[in-house]
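Enquirer: Got a predicted structure here, sequence first:
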Amino acid sequence: MALVESKIYNDGNHYIAIPHTERRSKRKHKAVEEPIVVDDRKTTKKAYFDELYAQSKSRKEKTVKAEVLEKMSEHFDKKSDAVFFVESNMMRKKRNLACRRTRLMRKAALQRFNYFCTFTYNSDKMTEVSFRKKLSYVFNNLSTRKGWKYIGVWERGHKTNRLHFHGVFFIPEGTLPGSLEMNSGFNFSSERRQKFLECTYFAERFGRNEFAPIEKERDFEQELIYMVKYIEKTGEKIVYSRGLPQFFISDVMDEDIICPYDEERQKYVLADDFACYDQGEYMGQVSPEVIAGMRKLN
């Protein structure tokens with residue numbers, strides 16, 4: 001057996017194995033930041049940078065950098081120190097975004113989803129704050145008690161600015177509260193009326209909702225690409241249900257290793273039908289059903 005207790009993820013095309021290591025990660029000690037005063041309030045340079053970056057994130061990178069540098073410079077003795085600080089924190093933002101993108105794709109690749117869902121805020125029923133809080137509470141309950149899985153994002157309509165939650169869901173058979181009924185309404189994106197499936201349970205409590213069955217893998221991939229582009233543009237956080245891991249643990253046989261994934265040979269590409277083993281016990285060829293029974297890791 002070549003690799004024991006390997007972490008395995010799917011990059012969208014292949015399964016990749018990361019060999020187990022006994023190395024313990026060292027805790028990074030955070031440097032204590034000196035407080036600065038901005039508009040008569042105390043903050044830190046990093047917090048102030050994040051604030052300025054959030055205000056300018058929808059613009060071009062050069063414009064953002066120039067605007068942030070101009071305001072940060074007054075808190076440094078040397079202009080060169082300010083430039084280094086802004087550039088290093090811009091890189092930090094890029095790394096964080098790359099990590100979020102990777103996390104999204106890995107979690108999605110190890111889970112089956114069967115619906116695209118959209119839940120739209122209705123001002124006649126509650127406030128935006130209540131809508132967000134109560135809908136999240138319902139999702140958490142359905143995830144814990146009924147086995148729902150989901151990946152989504154809170155966003156606003158381009159033309160209406162109306163808050164809604166949009167994402168992909170795995171809804172086990174027989175666990176949907178209420179019933180799905182065909183409805184019709186105006187779609188601001190297509191600027192025409194369209195028919196859609198709506199759940200009566202959510203319609204009564206929250207307002208308009210749309211449940212579209214996932215029928216093609218390509219449509220699912222496009223949905224993930226949309227969410228990636230949205231978080232890149234807005235910085236909004238992706239919402240995950242509990243129990244969506246990035247990795248599962250398996251022993252790997254020599255014959256199932258295709259080739260190294262990187263020059264350092266710290267990762268390996270596996271055969272599409274590789275055999276899964278849990279502590280030496282054969283569990284079956286890799287499949288959604290077999291992965292469901294494997295140990296998980298984030």
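Expert: Received, thanks.
Enquirer: hey, let's count contacts and neighbours off CA atoms from now on
Expert: OK.
Enquirer: Sketch out the low-pLDDT regions of the chain for me.
Expert: Per-residue confidence of the chain (counting by pLDDT under 70) places the weak regions at 1, 23-29, 57-58, 186-191.
Enquirer: Which residue ranges of it form helices?
Expert: Under the criterion DSSP state H, the chain carries helices at the ranges 45-56, 61-72, 79-109, 128-146, 200-205, 217-234, 288-292.
Enquirer: Now do the third one against helix 45-56, angle only.
Expert: Relative orientation of helix 79-109 versus helix 45-56 (axes from the mean of the first three to the mean of the last three C-alpha atoms, to 10 degrees): 70 degrees.
Enquirer: hmm, who's touching stretch 194-213?
Expert: Here stretch 194-213 makes contact (C-alpha atoms under 8 Å, 6 or more residues apart in numbering) with 114-122, 125, 131, 135, 177-187.
Enquirer: Name the residues of it that are buried.
Expert: The neighbour-count check on stretch 194-213 (16 or more other C-alpha atoms under 10 Å) flags Leu197, Glu198, Cys199, Thr200, Phe202, Ala203, Phe206, Gly207, Arg208, Asn209, Glu210, Phe211 as buried.
Enquirer: From the chain's centroid, how far away is it?
Expert: 24 Å (C-alpha atoms, centre = their mean, to the nearest Å).
Enquirer: Span of that stretch from start to end?
Expert: Looking at stretch 194-213, the gap from its leading to its trailing residue is 16 Å under the measure C-alpha to C-alpha, to the nearest Å.
Enquirer: on that earlier part again, can I get the helices of the chain in JSON lines including distance to Val4?
Expert: Supplementary listing: the helices of the chain in JSON lines, determined by distance: least, C-alpha to C-alpha, whole Å:
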{"stretch": "helix 45-56", "distance to Val4": "41"}
{"stretch": "helix 61-72", "distance to Val4": "44"}
{"stretch": "helix 79-109", "distance to Val4": "21"}
{"stretch": "helix 128-146", "distance to Val4": "32"}
{"stretch": "helix 200-205", "distance to Val4": "46"}
{"stretch": "helix 217-234", "distance to Val4": "31"}
{"stretch": "helix 288-292", "distance to Val4": "16"}
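Enquirer: follow-up on the earlier one: quick one: which two of the buried residues of stretch 194-213 are the most distant?
Expert: Checked with C-alpha to C-alpha, the buried residues of stretch 194-213 reach their widest spread between Leu197 and Phe206, with 15.1 Å between them.
Enquirer: Could you tell me how far the residue of the chain most remote from its centre is located from Arg41?
Expert: Distance from the C-alpha centroid of the chain peaks at Asp77, with 39.2 Å (C-alpha atoms, centre = their mean). With distances taken as C-alpha to C-alpha, Asp77 is found 20 Å from Arg41.
Enquirer: how does the protein divide into domains?
Expert: As given by automatic domain parsing, the domain ranges for the chain are 35-98, 115-240.
Enquirer: Same list as before, these that is, but in TSV and with distance to Arg295 included.
Expert: Below are the domains of the chain laid out as TSV (distance: least, C-alpha to C-alpha, whole Å):
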stretch	distance to Arg295
domain 35-98	26
domain 115-240	17
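Enquirer: Quick check: which of the helices of the chain is nearest to Glu263?
Expert: The closest approach between Glu263 and any of these, judged by C-alpha to C-alpha, belongs to helix 79-109 at 19.9 Å.
Enquirer: Show me what the closest residue to Thr120 other than its chain neighbours bridges to in the sheet.
Expert: For Thr120, the nearest residue in space outside its immediate sequence neighbours is His164; the separation is 4.3 Å by C-alpha to C-alpha, 6 or more residues apart in numbering. As for beta bridges, His164 partners with Thr120, Glu155 under DSSP bridges.
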